[in-house]
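K.L.:
quick one, structure for this:
(2 chains)
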Amino acid sequence: GAVVSQHPSWVICKSGTSVKIECRSLDFQATTMFWYRQFPKQSLMLMATSNEGSKATYEQGVEKDKFLINHASLTLSTLTVTSAHPEDSSFYICSARPPGYQPQHFGDGTRLSIL
Amino acid sequence: RKEVEQDPGPFNVPEGATVAFNCTYSNSASQSFFWYRQDCRKEPKLLMSVYSSGNEDGRFTAQLNRASQYISLLIRDSKLSDSATYLCVVNTYNDMRFGAGTRLTVKP
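P.N.:
From the prediction side, this is the model:
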């Protein structure tokens, strides 16, 4: 069964709407979670590293005010795409891993379509 | 220079072929290494961990060379269902980096 749950799996909404995506680790506590974005036929791109109880670390070129990340507990991180526009339409994926050198597990991903 | 580099391919091979992918990493503090498989429009899924002693899982063999800082994945007797993108992932204790992925297409 899934060890990382991501919700929702599909979102279609109007331009200007803010969209929140949840990522939960089900079987373990994740001090670190990762958020990615993937456009069609392109590579997975890391957006940010989410650390429980502290500010997220964003990759270069990712707007932190546009993509708000909250990691308030050891099992939940959220990504909010604020005032989404059509160019934000993409496949958003999270991953989480137990502390140490264990592999990360990915959520099922969220397909975001902004009209 | 990217921290983790992979040949993006595509690798187009016939069924039954043996194919190998390499991945190089730049951070010598990296401690754990993995291969993931990503199918089109799906999330990556863990394929196997990679150890210095090498490890094998059926038709798949993974190898780590710490001195040269690269990992490899060998697929024997390719199946149509092996068609996917293969990502190498490199972890330090608090961070992880991954390659852009290598696209494999196995053809009948």
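K.L.:
all contacts plus neighbour counts: C-alpha atoms, from now on.
P.N.:
Will do.
K.L.:
how about the residues of chain A near chain B?
P.N.:
Contact residues (CA under 8 Å from any CA of the partner chain) of chain A with chain B: A:32, A:43-44, A:93, A:99-103, A:105-109.
K.L.:
got those as a markdown table, with distance to A:K14, pLDDT and secondary structure columns?
P.N.:
Formatted as a markdown table, these follow (distance: CA to CA, whole Å; pLDDT from 0 to 100; DSSP: H, G, I helix; E, B strand; the rest coil):
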| residue | distance to A:K14 | pLDDT | secondary structure |
| --- | --- | --- | --- |
| A:T32 | 31 | 88 | strand |
| A:S43 | 26 | 90 | coil |
| A:L44 | 25 | 92 | coil |
| A:I93 | 21 | 97 | strand |
| A:P99 | 38 | 78 | coil |
| A:G100 | 41 | 76 | coil |
| A:Y101 | 41 | 80 | coil |
| A:Q102 | 39 | 85 | coil |
| A:P103 | 36 | 89 | coil |
| A:H105 | 31 | 92 | strand |
| A:F106 | 27 | 94 | strand |
| A:G107 | 25 | 95 | coil |
| A:D108 | 23 | 94 | coil |
| A:G109 | 20 | 96 | coil |
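K.L.:
buried among those? Need that as a selection in ChimeraX.
P.N.:
Buried residues within these, by 16 or more other CA atoms under 10 Å in any protein chain shown, are selected in ChimeraX with:
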select /A:32,43,44,93,101,102,103,105,106,107,108,109
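K.L.:
skipping adjacent residues, who's closest to residue 91 in space?
P.N.:
No chain was given, so I picked chain A. A:R111 (4.6 Å; CA to CA, 6 or more residues apart in numbering or on different chains).
K.L.:
switch to chain B, that's the one I care about
P.N.:
B:S32 (5.1 Å).
K.L.:
what distance do you get for that neighbour to A:F28?
P.N.:
As judged by CA to CA, to the nearest Å, B:S32 and A:F28 stand 19 Å apart.
K.L.:
more neighbours: which of these two?
P.N.:
The neighbour count for B:S32 versus A:F28, taken as other CA atoms under 10 Å in any protein chain shown, is higher for B:S32 (20 against 15).
K.L.:
quick one: pLDDT of the more buried one?
P.N.:
For B:S32, the model assigns a pLDDT of 93.
K.L.:
what does the one 10 residues further on give?
P.N.:
Reported pLDDT at B:K42 in the predicted model: 91.
K.L.:
pull the number of nearby residues for it.
P.N.:
With neighbours defined by other CA under 10 Å, the count for B:K42 comes to 14.
K.L.:
that one is in contact with A:G107, isn't it?
P.N.:
No. Using CA atoms under 8 Å, B:K42 is not in contact with A:G107, being 9.6 Å away.
K.L.:
okay if I get the residues of chain A next to chain B as JSON lines plus distance to B:M48?
P.N.:
What follows is these, written out as JSON lines (distance: CA to CA, whole Å):
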{"residue": "A:T32", "distance to B:M48": "21"}
{"residue": "A:S43", "distance to B:M48": "20"}
{"residue": "A:L44", "distance to B:M48": "19"}
{"residue": "A:I93", "distance to B:M48": "20"}
{"residue": "A:P99", "distance to B:M48": "18"}
{"residue": "A:G100", "distance to B:M48": "17"}
{"residue": "A:Y101", "distance to B:M48": "14"}
{"residue": "A:Q102", "distance to B:M48": "12"}
{"residue": "A:P103", "distance to B:M48": "9"}
{"residue": "A:H105", "distance to B:M48": "12"}
{"residue": "A:F106", "distance to B:M48": "14"}
{"residue": "A:G107", "distance to B:M48": "18"}
{"residue": "A:D108", "distance to B:M48": "19"}
{"residue": "A:G109", "distance to B:M48": "21"}
